[in-house]
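Participant: 3D model of this:
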Amino acid sequence: GAKSYSSIMGSNDRVRIVIVGFSDRFRSSLAPAFLSLSKELNFEIVAVSDLWNRRRDEADTFFREKGITIRKARNNDELYSGKDTDAVIISTADFQHALLLAEAVRAGKDAYCEKPFAESMADAREALKAVKETGKIVQIGSQRRSTPNYIAANDYIRSGKFGKIVMVEMSWN
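Facilitator: So this is what the prediction gives:
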């Protein structure tokens, strides 16, 4: 159910989302996907937090060009002190994901976190503990799992049309 929402939202209430870390991945992949669904799913991006002023300014320009005004925060304390936040997208360096996720849910926010979830078991356990304590909704992103061409390839392989597969060799450049 919706037990993690601090209050049940009415049909006219928008979910207010903030971005932690204005990364290249966010700009090129996540932002287009999220923005294309914002009207249909009734949410808006309202703020960005990034320690680097260059990234904050890039985020401001990026959103302004789309007709969206955002609040710029120098750090997450400043970000979460604003009362304009329901959920967080964590788009930082990989090694920061788990601890920033723990911070977000403890600040009372649901969260979408880029992959990988964590780079150490200690960080993963800390984030899992925070999510269990708070009951917040969390989604961890994945790469190439939801893309139509990978789904089609998986379906084709499972169909048996290749016959018996005895070896797979792959390279990634």
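
Participant: hey, where'd the helices end up in this structure?
Facilitator: Secondary structure of the chain (DSSP state H): helices at 24-25, 31-37, 53-64, 76-81, 97-106, 121-134, 148-159.

Participant: Please tabulate those helices in a markdown table, including the columns mean neighbour count and mean pLDDT.
Facilitator: The C-beta positions use only the backbone N, C-alpha and C, and glycine is treated the same way. Putting the helices of the chain into a markdown table (neighbours: other CB atoms under 10 Å; pLDDT from 0 to 100) gives the following:
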| stretch | mean neighbour count | mean pLDDT |
| --- | --- | --- |
| helix 24-25 | 12 | 85 |
| helix 31-37 | 14 | 87 |
| helix 53-64 | 15 | 95 |
| helix 76-81 | 17 | 92 |
| helix 97-106 | 23 | 96 |
| helix 121-134 | 15 | 97 |
| helix 148-159 | 10 | 89 |
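
Participant: Present these as TSV; the columns should include distance to residue 47.
Facilitator: Formatted as TSV, those follow (distance: least, CB to CB, whole Å):
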stretch	distance to residue 47
helix 24-25	19
helix 31-37	14
helix 53-64	9
helix 76-81	6
helix 97-106	13
helix 121-134	20
helix 148-159	32
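
Participant: closest to residue 17 out of the ones you listed?
Facilitator: Taking CB to CB, helix 31-37 is the member of these nearest to residue 17, at 7.6 Å.

Participant: That closest one packs against which elements?
Facilitator: The helices and strands touching helix 31-37, judged by 3 or more CB pairs under 8 Å, 6 or more residues apart in numbering; DSSP states H and E, are strand 43-49.

Participant: could you say what helices and strands the strand it packs on packs with?
Facilitator: strand 15-20, helix 31-37, helix 53-64, strand 71-73, helix 76-81.

Participant: Mind doing that once more with 10 Å?
Facilitator: Secondary-structure packing of strand 43-49 (3 or more CB pairs under 10 Å, 6 or more residues apart in numbering; DSSP states H and E): strand 15-20, helix 31-37, helix 53-64, strand 71-73, helix 76-81, strand 87-90.
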